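> sequence first, then the predicted structure:
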Protein chains: 2
Amino acid sequence: MTTSSLDLQAYLKRQKDIVEKALADALPSDWRIPQPLREAADYSLLAGGKRLRPIFVLAAADSVGGEAASARALSFAVAVEMIHTYSLIHDDLPAMDNDDFRRGRPTNHKVYGEAMAILAGDGLLTHAFHKAAEAAELGVPAERALAVVRELSRFAGVSGMVGGQADDMLGEQGITSLEQLENIHLHKTADLIAFSLRAGGHAAEASERQLEALGLFGRNVGLAFQIQDDILDLIGDETKLGKPVKSDERQEKVTYPYLLGLDESRSRVARLTGEAKDALAGAKLADPNRLMEIADYIMARDH
Amino acid sequence: MTTSSLDLQAYLKRQKDIVEKALADALPSDWRIPQPLREAADYSLLAGGKRLRPIFVLAAADSVGGEAASARALSFAVAVEMIHTYSLIHDDLPAMDNDDFRRGRPTNHKVYGEAMAILAGDGLLTHAFHKAAEAAELGVPAERALAVVRELSRFAGVSGMVGGQADDMLGEQGITSLEQLENIHLHKTADLIAFSLRAGGHAAEASERQLEALGLFGRNVGLAFQIQDDILDLIGDETKLGKPVKSDERQEKVTYPYLLGLDESRSRVARLTGEAKDALAGAKLADPNRLMEIADYIMARDH
């Protein structure tokens, strides 16, 4: 490990701690919430994970406006992780992917039942917009908070993440082209990452040009992330991944390695990562280096 | 029918037409939305109904700021109907109430399958916040639009509608007290109606005191509406209701008439309606009459 990657590890750990502390308080303790609903929501929200999306929110704000901007972006970071979490709960339902385990623990509906899992998802989705709007209290101008609400509903909604999930489900029996596969990943995964970068930008009152660059960076990193996931499922180390490999093969899922082969998939990850970094280079950010390091880290990760 | 009630009928019809026209365009035609997802969402969103919540949004705006304010409130009206619609789709799912029919048509999941129904609900819920934020384009100040986003996520969320649904589900086997029953209706039904009134107020830049009065009116009308529903299920005319009566009895549901008897339920509807109207009387609204007429109409309705 180089000094720089050690430094990045420490940074990621620090940001993850900030995010997880905020997530623990995401559902206000003084709100009257039925106890099983609160437990079901927290069960999935506090289940760990890389926290990639909220870390991108904070890092994007930092890249434009430094640490003060990053602090203002915290409620956007919580919002995007709530959206990501609800989508996992609903995706795991019997009517959807019917998964019994996630991150080594029983899925939400296996613990709390299907009805409560549906409601926990609905509740997290709804509360994400509360957190997004709350940014105004941290000093984000109302117009910017409102822009983030609109972008969150677009990137996470019917033409974004929910749309990608619908396409994925509809295509399950018949994806044949790379175009179809990329379209699904673009919406199911990359849209919410692109949103994360833009939301951080808004917290720092980024210019339109900076927002576009951050969004393009997020889109390309998001696609690279998804392809790397496919690759790791095929050739990864089960002990590092914490889950069984070759599950895509067993489930006969169409993946990038399946359509393109392993070598071409790898060079596509490298190309997308390069394009992501190029997008930032021209945007006159105060400090794009951290974002670029995270992009490289995602490309090189083994879990 | 008196002249005044004929006038109210014409008003309700006119507002319903305005709302339904806006609902037909709620999912932008130039957004790339998977066709089956768009169809599933529109199937439930455009299925008719009283449109009570969006009409309350418009009427509340009108009561504070006249017709111009009502026009500014239109995207809040669409937002609340999207939330109401998603909640019906998810409530009907096999894991929840497992209903095959609604308003005389097969429920969403019976037509589009469970997975698509879950996603259509998620999509409508997410897009509601897009519509709420869009009010800024109609001339609502950003701070007010942002306040409505926060209130929508609160009244529709884990301590509001979603919380009420969770309580309802958890209590199904054991509701014994009036307090429990009222708590469920307060959150499952009245919260979203209270929101509707406050959202209309925000569109008209209502004062804090006016907002509180509108919210209290909505809360009481919402509870009266729910009790009247229970009464009509017991003694209503199937041809007017368009659905079978006595379904609560058959399903052994605990209702107001079951706990209180028919007479006491009726006087409770009258009392809540009176309290609703009293709340408005002291709030110095430009014109509270229309809202009061709607409250009386709800109390007296036979379907």
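That came in fine, so what should we check first? Residues are numbered from 1 along each chain as shown, chains lettered A, B, ... in the order given.
> quick one: list the elements packing against the one helix or strand A:Ser196 maps to.
If you go by DSSP states H and E, A:Ser196 is part of helix A:191-203. Packing contacts for helix A:191-203, counted by 3 or more C-beta pairs under 8 Å, 6 or more residues apart in numbering or on different chains; DSSP states H and E, involve helix A:52-72, helix A:74-92, helix A:142-155, helix A:161-171, helix A:208-235. From N, CA and C alone the C-beta is placed, and that goes for glycine too.
> please identify the most buried of those.
Each of the helices and strands packed on helix A:191-203 was scored by mean neighbour count; the highest is helix A:74-92, a mean of 26, by mean count of other C-beta atoms under 10 Å in any protein chain shown.
> compute the inter-axis angle for that one and helix A:191-203.
Helix A:74-92 and helix A:191-203 meet at an angle of 170 degrees, taking axes from the mean of the first three to the mean of the last three C-alpha atoms, to 10 degrees as the criterion.
> what mean pLDDT does helix A:74-92 have?
If you average the pLDDT over helix A:74-92, you get 98.
> check stretch A:283-293 too.
What stretch A:283-293 shows for mean pLDDT is 95.
> stretch A:101-111 now?
Rounded mean pLDDT across stretch A:101-111 is 95.
> what of stretch A:229-241?
What stretch A:229-241 shows for mean pLDDT is 80.
> which residues of the stretch 101-250 of chain A lie near chain B?
Within reach of chain B by C-beta under 8 Å from any C-beta of the partner chain, the stretch 101-250 of chain A has these residues: A:113-116, A:118-119, A:121-123, A:125-130, A:132-134, A:136, A:142-143, A:145-146, A:149-150, A:152-154, A:156-159, A:162-163, A:165-167, A:169-170.
> how much space between the closest residue to chain B within the stretch 201-303 of chain A and B:Leu152?
Going by C-beta to the nearest C-beta, chain B is nearest to A:His202 of the stretch 201-303 of chain A, at 12.9 Å. Using C-beta to C-beta, to the nearest Å, A:His202 is found at 20 Å from B:Leu152.
> quick one: what helix or strand has the nearest residue to A:Leu8 once chain neighbours are set aside in it?
Closest residue in space to A:Leu8, ignoring its immediate chain neighbours: A:Glu293 at 5.0 Å, by C-beta to C-beta, 6 or more residues apart in numbering or on different chains. Assigned by DSSP H and E, A:Glu293 belongs to helix A:289-300.
> what helices or strands is that helix leaning on?
Here helix A:289-300 touches helix A:3-24, helix A:52-72, helix A:208-235, helix A:262-281, going by 3+ C-beta pairs under 8 Å, 6+ apart.
> could you redo the last one with a cut-off of 10 Å?
Contacting helix A:289-300 under the criterion 3 or more C-beta pairs under 10 Å, 6 or more residues apart in numbering or on different chains; DSSP states H and E are the following elements: helix A:3-24, helix A:52-72, helix A:191-203, helix A:208-235, helix A:262-281.
> between the last one and helix A:289-300, how many degrees?
Between the axis of helix A:262-281 and that of helix A:289-300 there is an angle of 170 degrees, by the same axes, to 10 degrees.
> for helix A:262-281, which helices and strands make contact with it?
Identification of packing neighbours for helix A:262-281 by 3+ C-beta pairs under 10 Å, 6+ apart yields helix A:191-203, helix A:208-235, helix A:256-260, helix A:289-300.
> do you know how far A:Gly157 is from A:Glu172?
Remark: distance between A:Gly157 and A:Glu172 (C-beta to C-beta) = 21 Å.
> these two - which one has more neighbours?
Neighbours were counted for A:Gly157 and for A:Glu172 using other C-beta atoms under 10 Å in any protein chain shown; A:Gly157 has more, 26 against 14.
> doesn't that one fall inside a strand?
No - under DSSP: H, G, I helix; E, B strand; the rest coil, A:Gly157 falls outside any strand and is assigned coil.
> so what's it up against?
By C-beta atoms under 10 Å, 6 or more residues apart in numbering or on different chains, the contact set of A:Gly157 is A:83, A:163, A:187, A:191, B:27, B:31, B:33, B:122-130.
> once you drop chain neighbours, what's closest to it?
A:Gly157's closest residue in space is B:Thr126 (C-beta to C-beta, 6+ apart), at 3.9 Å.
> before we move on, what about A:Gly160?
A:Asp191 (4.2 Å).
> burial count for that neighbour?
Neighbourhood size, A:Asp191 [other C-beta under 10 Å]: 26.
> is it true that it touches A:Leu197?
No - between A:Asp191 and A:Leu197 there is no contact under C-beta atoms under 10 Å: 11.1 Å.
> pull up the overlap in contacts between the two.
Common contacts of A:Asp191 and A:Leu197 (C-beta under 10 Å, 6+ apart): A:215, A:218-219, A:222.
> those into JSON lines, with extra columns for pLDDT?
Listed next are the shared contacts of A:Asp191 and A:Leu197 as JSON lines, based on pLDDT from 0 to 100:
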{"residue": "A:Gly215", "pLDDT": "98"}
{"residue": "A:Gly218", "pLDDT": "98"}
{"residue": "A:Arg219", "pLDDT": "98"}
{"residue": "A:Gly222", "pLDDT": "97"}
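> in the residues you listed, find the pair that's most separated.
Greatest spacing in the shared contacts of A:Asp191 and A:Leu197, by C-beta to C-beta: A:Gly215 and A:Gly222 (10.3 Å).
> which residues are in contact with each of these two?
A:191, A:193-197.
> kindly indicate which of the residues you listed lies nearest A:Lys246.
Set against A:Lys246, the nearest of those by C-beta to C-beta is A:Ile193 (25.6 Å).
> and that closest one, how close does it get to A:Leu280?
A:Ile193 is 14 Å from A:Leu280, by C-beta to C-beta.
> more neighbours: which of these two?
A:Ile193 (28 against 22).
> A:Gly236 against A:Lys246, yeah?
Yes - applying C-beta under 10 Å as the test, A:Gly236 and A:Lys246 come out as touching, 9.2 Å apart.
> of those two, who's got more company?
Remark: of A:Gly236 and A:Lys246, A:Gly236 carries more neighbours, 19 against 12, as counted by other C-beta under 10 Å.
> how about that one, phi and psi?
With angles defined as degrees, to the nearest 10, A:Gly236 sits at phi -70, psi 170.
> which SS class is the nearest residue to it once chain neighbours are set aside?
Excluding the flanking residues, the one nearest A:Gly236 by C-beta to C-beta, 6+ apart is A:Val245, at 5.2 Å. Here A:Val245 is coil, with the state taken from three-state DSSP.
> before we move on, what about A:Lys284?
At A:Lys284 the chain is in coil, as set by three-state DSSP.
> burial measure for it, as a count.
12.
> using the three-state scheme, assign the residue lying farthest from the centre of chain A.
Centroid-distance maximum for chain A: A:Arg32 at 28.9 Å, with C-alpha atoms, centre = their mean. Under three-state DSSP, A:Arg32 falls in the coil class.
> right, and it touches B:Asp191 too?
No - contact status for A:Arg32 versus B:Asp191: not in contact, 11.5 Å apart, counting by C-beta under 10 Å.
> residues shared between the contacts of the two?
With C-beta under 10 Å, 6+ apart, A:Arg32 and B:Asp191 have common neighbours B:159-160, B:163.
> reformat those residues as CSV; add pLDDT.
Putting these into CSV (pLDDT from 0 to 100) gives the following:
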residue, pLDDT
B:Ser159, 97
B:Gly160, 98
B:Gly163, 97
